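Trainee: quick one, fold the following:
(2 chains)
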Number of protein chains: 2
Amino acid sequence: MNSFQFHNPTRIVFGSGEVDKVGELTAGFGRNVLLVYGGGSIKSTGLYDRVMNKLQAAGLVVHELSGIEPNPRLSTVKKGIEIARINSVDFILAVGGGSVIDASKAIAAGVPYKGDVWDFFTNKARIAEALPLGTVLTLAATGSEMNGNTVISNWEEKLKRGSGSPLVYPKFSILDPTLTYTVPANQTVYGSVDIMSHVFEQYFSLTPNTPLQERFCESILLTVIENVEAALADPENAAARANLMWCGTMALNGGQISLGMANDWASHGIEHEISAIYDIPHGAGLAIVFPNWMRYVYRERPDRFAQFAERVWQIPRNGRSDEELAEAGIAATRAFFSRIGAPASLADYDIKDDQLDRMASEAVRYGTIGSFKKLGEEDVRAILEACL
Amino acid sequence: MNSFQFHNPTRIVFGSGEVDKVGELTAGFGRNVLLVYGGGSIKSTGLYDRVMNKLQAAGLVVHELSGIEPNPRLSTVKKGIEIARINSVDFILAVGGGSVIDASKAIAAGVPYKGDVWDFFTNKARIAEALPLGTVLTLAATGSEMNGNTVISNWEEKLKRGSGSPLVYPKFSILDPTLTYTVPANQTVYGSVDIMSHVFEQYFSLTPNTPLQERFCESILLTVIENVEAALADPENAAARANLMWCGTMALNGGQISLGMANDWASHGIEHEISAIYDIPHGAGLAIVFPNWMRYVYRERPDRFAQFAERVWQIPRNGRSDEELAEAGIAATRAFFSRIGAPASLADYDIKDDQLDRMASEAVRYGTIGSFKKLGEEDVRAILEACL
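Mentor: This is a model prediction of the structure:
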């Protein structure tokens, strides 16, 4: 186990109907609120009205930024910064999934910053100040509701980049599983793949002596696997929706499940290059990339992959070697993703090999990626080829 | 899963040698620090000098309260409040285990309170204000380093009572596993039993649909069980000490592993009555009480106890009923406690039956205790009798 620091000040308010506390939770951070949301779904479900009523009943003045994209764009973030500045906004309330929350964090950091907010995503500047923000989560997926990360796409330059700061941890996040009843099947699948992928990035690690962390990771994987199909079969399955939601938050709340472990994040880096160009759903991209990353790297530490096969996929050893078990575990992962309806290859999105060089070179722009196995340009290209 | 709120603002600084950050972490909370510690052990190990040097190098003025008892006493807390007031202390630094931290929390709450600090432990008043505090942990056990709980003994009245508040969460806690290398074998055992007991209080619950929470609980139990004997065999086993320390914190950091579950805490209530009178180590008392509590209550929900037997003690079902598995799991718990050297009965402390009535009636002074099975006076007496 390595040394670490951990500090996660986000207040979680979890439960059926808890969204109705949004007014009282938001009041106290100032009078002018910027409400950030995505497409029209929160209007058709009635969530928009429900939130707006509570905010207004709490005496708040609400400004709005709608139309956050699934891969949230820099241009939209800049629009939000403008609205927030003009209206002297005190607090940002994100109502949506990871995209809406990530965009809100970028706006929160951008408002007090004199330069271009994109500087935070190109390592040109660090977030030194931010407006406070809160969230009402509508999708079990990113964990953005309890961490300081944000990923933004610069669509003009076809770049997708991450940033983060302790300053953009949400002050509160309302996790009301009933709000996910209306999430369509494909989004439920992508969200679940995203959760599992966040765990993979932490679990496949070379750091020795982390038995508790590994078990925490396995706990989330097992619970997601148990619950996805129930949520697909019955979108209003309260138990499954609650479990997926809590798994999503715990999977990436400042890295708590893997404190003291080196994390990998190469697969996310590779996926970001794909969706920067092709704008495919993040979780769909991860379902394609991850099994191929696993096949490419598992020989670095077959015992961890064997443990994954045994504990998560409950594949009995039956005299098999670590390598054989590892391969069985990876096959089980791929089979599970396919069974729940996640795509298996880039061909599912008609993506061909013409951009592989660009993606591979962009992925390693700051040097090798990953820590389980450090990947250079050739490695990334090989994994992308396997994804075709 | 029930609704819940969670907010844990404690900063954790974990790792070998991290204690040397105590000066920089403490500075910024004001100039006058009250250093709180227990017996002489931190002096003989050199920890006292190490901490003091860092505090002084950071320009801080250090006042001291030493001699915190293993079951920390109200009289000592009052002494600390007096010292803090006289010296206009800005910050309290606890260097020790759960007793020292609990006493520090009571002092932190008592300083700004005009009434008797004991009011917070008798439900006469609620903590409305507190001095900030930080901790340097020297024992893997209570979790007090990352929660808002405190338990204090009123020795004159033979009462041991708990209190708590979000206001007494430590601002930071330094978890340096090397500081536990000198913890004697019996304290290592009691600490480990304490950690396991904290998990038991949360894990044995009637709340339905909590698969992630149950697995988090099992993760800690498995990891403690794997590491106690390694730490006993080699007190400087870095891996074992680090794992036990992190298990202790995660087992009771504001109830994070069991959010949304009804907790029990009857066994702690019963143990408090024993140590209030006989001043035995808390972990030792729990090792005696818990298996007897388990035997008394498991029929409320044999399936949870069967799961405990299978997942934690790895007892195969082999056609056994839930009840049979439950009994095997309880026997395994008792056998493990005995194997690591924890006491099995009150007779080990020459405690006889003459105070059972008093203890049973005190335990239920505010009504039944526990939630897995609600225990009245007769139930508590029966469990205590089984402990003899």
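
Trainee: how close does the residue positioned nearest the centre of chain A sit to A:Ala231?
Mentor: Among the residues of chain A, the smallest C-alpha distance to the mean C-alpha position (CA atoms, centre = their mean) belongs to A:Thr142, namely 2.6 Å. As judged by CB to CB, to the nearest Å, A:Thr142 and A:Ala231 stand 17 Å apart. C-betas here are computed from N, CA, C, even on glycine.

Trainee: about what we covered before: please tell me how far the residue nearest to the centre of chain A sits from A:Phe305.
Mentor: Using CB to CB, one gets 25 Å for the distance from A:Thr142 to A:Phe305.

Trainee: chain B contacts on chain A?
Mentor: A:1-18, A:208-209, A:211-212, A:215-216, A:218-220, A:222-223, A:226-227, A:239, A:242-243, A:246-247, A:250, A:259-260 (CB under 8 Å from any CB of the partner chain).

Trainee: which of the residues you listed fall in helices?
Mentor: When DSSP state H defines the helices, the subset of the residues of chain A next to chain B inside them is A:211-212, A:215-216, A:218-220, A:222-223, A:226-227, A:239, A:242-243, A:246-247, A:250.

Trainee: give me the neighbour count for A:Asn318.
Mentor: Here the neighbour count serves as a burial measure; for A:Asn318 (other CB atoms under 10 Å in any protein chain shown) it reads 8.

Trainee: for chain A, what spans make up the strands?
Mentor: Taking DSSP state E as the test, the strands found in chain A are A:4-14, A:32-36, A:61-65, A:91-96, A:133-137, A:149-154, A:159-164, A:172-175.

Trainee: distance to B:Tyr278, mean neighbour count and mean pLDDT added to these, as CSV?
Mentor: Supplementary listing: the strands of chain A in CSV, determined by distance: least, CB to CB, whole Å; neighbours: other CB atoms under 10 Å in any protein chain shown; pLDDT from 0 to 100:
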stretch, distance to B:Tyr278, mean neighbour count, mean pLDDT
strand A:4-14, 38, 20, 98
strand A:32-36, 57, 24, 98
strand A:61-65, 61, 17, 98
strand A:91-96, 54, 28, 98
strand A:133-137, 49, 28, 98
strand A:149-154, 51, 24, 96
strand A:159-164, 52, 21, 94
strand A:172-175, 45, 25, 98
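
Trainee: need these in CSV (columns: distance to B:Asp119).
Mentor: Formatted as CSV, those follow (distance: least, CB to CB, whole Å):
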stretch, distance to B:Asp119
strand A:4-14, 28
strand A:32-36, 40
strand A:61-65, 42
strand A:91-96, 37
strand A:133-137, 35
strand A:149-154, 44
strand A:159-164, 44
strand A:172-175, 31
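
Trainee: and these: which comes nearest B:Pro112?
Mentor: Taking CB to CB, strand A:4-14 is the member of those nearest to B:Pro112, at 22.9 Å.

Trainee: re the thing from before, so who does the residue nearest to the residue nearest to the centre of chain A when sequence neighbours are not counted touch?
Mentor: Excluding the flanking residues, the one nearest A:Thr142 by CB to CB, 6 or more residues apart in numbering or on different chains is A:Gly98, at 3.0 Å. By CB atoms under 8 Å, 6 or more residues apart in numbering or on different chains, A:Gly98 lies in contact with A:139, A:141-144, A:194, A:282.

Trainee: what's the most distant pair in those residues?
Mentor: Considering CB to CB, no two members of the contacts of A:Gly98 lie farther apart than A:Gly143 and A:His282, which are separated by 12.4 Å.

Trainee: what about A:Asp194, how many neighbours?
Mentor: The burial count for A:Asp194: 29, using other CB under 10 Å.

Trainee: my read is that it contacts A:His282, right?
Mentor: Yes. Counting by CB atoms under 8 Å, A:His282 is a contact partner of A:Asp194 at 6.2 Å.

Trainee: for the stretch 51-200 of chain A, just list every one of the helices.
Mentor: Counting by DSSP state H, counting those that start in this stretch, one finds helices in the stretch 51-200 of chain A at the ranges A:74-86, A:98-110, A:185-203.

Trainee: mean neighbour count, those: which tops it?
Mentor: The highest mean neighbour count among these, using mean count of other CB atoms under 10 Å in any protein chain shown, belongs to helix A:98-110: a mean of 30.

Trainee: quick one, that one and helix A:238-251 angle?
Mentor: Using axes from the mean of the first three to the mean of the last three CA atoms, to 10 degrees, the inter-axis angle of helix A:98-110 relative to helix A:238-251 is 40 degrees.

Trainee: could you export helix A:98-110 as PDB, CA atoms only?
Mentor: Written as PDB, here are the backbone C-alpha positions of helix A:98-110 (Å, rounded to 0.1, in the frame of the first residue of the first chain):
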ATOM      1  CA  GLY A  98     -22.000  12.900 -15.600                       C
ATOM      2  CA  SER A  99     -22.000  15.100 -18.600                       C
ATOM      3  CA  VAL A 100     -24.100  17.800 -17.000                       C
ATOM      4  CA  ILE A 101     -22.100  17.600 -13.700                       C
ATOM      5  CA  ASP A 102     -18.700  17.700 -15.600                       C
ATOM      6  CA  ALA A 103     -19.900  20.800 -17.600                       C
ATOM      7  CA  SER A 104     -21.000  22.400 -14.300                       C
ATOM      8  CA  LYS A 105     -17.600  21.900 -12.700                       C
ATOM      9  CA  ALA A 106     -15.900  23.400 -15.700                       C
ATOM     10  CA  ILE A 107     -18.300  26.400 -15.500                       C
ATOM     11  CA  ALA A 108     -17.700  26.700 -11.700                       C
ATOM     12  CA  ALA A 109     -13.900  26.800 -12.300                       C
ATOM     13  CA  GLY A 110     -14.200  29.100 -15.400                       C
END
